[in-house]
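> sequence unknown, structure follows:
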Ligand code: B1M
């Protein structure tokens, strides 16, 4: 076989995600005397780049990337020991991880794969990485670069802290710092002193490769470290120590103490229940309903920790009551965390006091998955009891209650790990489907508990894997989709309840909405993702509005800005959204079927002012806007 044919065969093996072929041709390359490094770069890595580009064009989904990565690693295991080592060059160690507080790792793993393919020696610290671990490991391994990922605005500040720690220790100029993930912009990267960022995994490698070429050979020498320490000493002293003010708590305390003077008096014509129910049926209302997912943040009024909010029924119910009352929301959507089933199935869940819990320790063995019994002490029991109490409290305030649970696939990915489930779905579908059957059984039991015992007005299910960037619609339908169709949607019908879906994905497969006769669908609109399929209210109302009530267009992230300009912007945008929604409804011969809401949870540390800027604006301006447009 000529060299080029071996390279092509290696690339094809990666594109096909075929480990056996990758190993076979890697061995063939060695047997035929092909240079091992060339076989990796011109064969395996080329295949990885092909799949990655297909993914960016929307022609492949995450499972294909994961399988391609496995094949690439299989080939590399054979070739790497034979790479001719240049005695003068040291290996380029790159530390990678997802920042503390964040367990999203699909994107980070893809970046790691592409960097491995480019020849970097990746040291993966995993997810939820304590900030000083990045610095300690970089020092220990004399790293060429640190590569940090995060998907949440609430955790991105940790990246700046890592950079400051590097400066303090005199390590900053010894290595390259790259940051990335959906919320990270070029401007943000620059503002925190990172060397670079990139939009996707392929671009990340290009940026890293060009940045590391600027790192000098003696970057880790004692004199460089001392020089670097001196350089940043002054600027760090100028920055001073940042005092962390909990704006959410400050404003909550103010509202609590001075409720009558701080909260405007709204003269509402309808009760919250009348308004929500009428909008749900597209009847005339006094104004559109409003209910951002201001869930964990409502704990500020109780006050209690996030941990108590998500694990103690009484505290949860108190938060629901406070949220409805002080934020003046038309319903409370009870998102606590997405770890309820995972905890009951035995996965380890980390419960920070003041932030969203995260499933961190996954189960190893599919065989060990056993459907738990809902009984005192389980998270599901607590959630059902919490929603029972919350429903009573919401009703006393004249508001409907919307409980929320994770769907079978979210439950399974939280129990076993998302990356694993997404790749096993291709390689071992029967095992995954059997496991999904078990989580679906538990979800059904929780649904029954909710319908029979807690009796909230609505039960919302999180189905975020219906996402155009992760699974194709066809693949989704072969997994959770068929369970939604055959088991979950019929159970809603059996209890005479509407199917209510929350999907925090930006580009879900919209047509699936119809498949289970969805009556309420909460989505997120990301203007930057329009080319990938993110849709706004105009599209959604025109296409599905008659059957389905929508809500969620406002990004949860905008609630973090409580500067005077931010508050004014929120107010103006809330007016504009109501006007546009009502005009669209009118054009479609409809009256009210839409809720002003957010596509995902408002960050639990968000300032209360920014939330009331939305909810109070709807209450104050909504009736007039409604009359003007609807007559
Ligand atoms: Co979460 N989640 N989630 N979630 N989740 C997001 C991120 C969110 C944007 C949804 C939304 O609001 N619409 C939102 C964050 C909002 C915010 O910023 N404040 C959110 C939230 C709120 C949450 C929870 C808090 C929900 C809750 O419990 N209340 C919770 C957080 C738990 C925690 O971490 N403490 C949570 C949990 C989860 C699951 C566990 C269920 C699951 C993650 C499973 C896993 O990763 N193991 C999940 C998922 C899947 C998502 C969405 C739907 C998809 C993320 C994803 O994997 N995308 C996401 C919504 C969205 O982004 N559309 C959402 C595909 C992946 C290939 O892309 O990661 O962007 P991405 O990586 C890209 C680029 O960003 C870039 O390259 C990659 C490949 O092209 N890139 C880099 C990434 N790192 C880079 C580094 C670089 C350079 C480029 O240089 C170093």
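Looks like it arrived, so ask away. Since we're looking at a predicted model, the values are computed, not measured.
> CA atoms for contacts and neighbours, from now on please.
OK.
> Mean pLDDT per helix and strand in this protein: which one sits at the bottom?
Among the helical and strand segments of the chain, the one scoring lowest on mean pLDDT, DSSP states H and E is helix 259-262, with a mean of 74.
> what does that helix contact?
Outside of helix 259-262, the residues within contact range by CA atoms under 8 Å, 6 or more residues apart in numbering are 254, 255.
> The next helix or strand after that helix: which residues count as buried?
Stepping forward along the backbone from helix 259-262, the first helix or strand reached (DSSP states H and E) is helix 272-280. Using 16 or more other CA atoms under 10 Å as the burial criterion, the residues of helix 272-280 that qualify are 272, 273, 274, 275, 276, 277, 278, 279, 280.
> now what about helix 272-280, what contacts it?
The list of residues contacting helix 272-280 from outside it, by CA under 8 Å, 6+ apart, reads 284-289, 330-331, 398-400, 549, 591-594.
> switch to 6 Å and redo it
Helix 272-280 is touched from outside by 285, 330, 398, 399, 400, 592, 593, with contacts defined as CA atoms under 6 Å, 6 or more residues apart in numbering.
> Adding distance to the ligand and pLDDT, write the buried residues of helix 272-280 out as JSON lines.
Compiled in JSON lines, the buried residues of helix 272-280 are given as follows (distance: CA to the nearest ligand atom, whole Å; pLDDT from 0 to 100):
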{"residue": "272", "distance to the ligand": "25", "pLDDT": "97"}
{"residue": "273", "distance to the ligand": "25", "pLDDT": "97"}
{"residue": "274", "distance to the ligand": "28", "pLDDT": "97"}
{"residue": "275", "distance to the ligand": "26", "pLDDT": "98"}
{"residue": "276", "distance to the ligand": "23", "pLDDT": "97"}
{"residue": "277", "distance to the ligand": "26", "pLDDT": "97"}
{"residue": "278", "distance to the ligand": "27", "pLDDT": "98"}
{"residue": "279", "distance to the ligand": "24", "pLDDT": "98"}
{"residue": "280", "distance to the ligand": "23", "pLDDT": "96"}
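> Now those residues in TSV, please, with extra columns for distance to residue 359.
Written out in TSV, the entries for these read as follows (distance: CA to CA, whole Å):
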residue	distance to residue 359
272	35
273	35
274	38
275	37
276	34
277	35
278	38
279	36
280	34
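> for those, which one is nearest residue 70?
The shortest gap between residue 70 and any of those belongs to residue 280, at 47.2 Å (CA to CA).
> what comes up buried for the strand or helix carrying residue 248?
Element membership of residue 248 [criterion: DSSP H and E] is helix 247-257. Along helix 247-257, these residues count as buried under the neighbour rule (16+ other CA under 10 Å): 247, 248, 249, 250, 251, 252, 253, 255, 256.
> Same check on stretch 505-513?
Buried residues in stretch 505-513, counted by 16+ other CA under 10 Å: 505, 506, 507, 508, 509, 510, 512, 513.
> follow-up on the earlier one: not counting its own residues, what contacts the helix holding residue 248?
For helix 247-257, with CA under 6 Å, 6+ apart as the criterion, the contacting residues are 300, 301, 606, 607, 608.
> Also stretch 29-42?
In this structure, residues lying in contact with stretch 29-42 by CA under 6 Å, 6+ apart are 7, 79, 82, 83.
> I'd like to know how many residues surround the first one.
Residue 7 sits with 25 neighbouring residues when counted by other CA atoms under 10 Å.
> I'd like the distance between the residue nearest to it when sequence neighbours are not counted and residue 284.
Setting aside the residues directly before and after it, residue 7 is nearest to residue 43 in space (CA to CA, 6 or more residues apart in numbering), at 4.1 Å. As judged by CA to CA, to the nearest Å, residue 43 and residue 284 stand 64 Å apart.
> Please consider this matter closed, and thank you.
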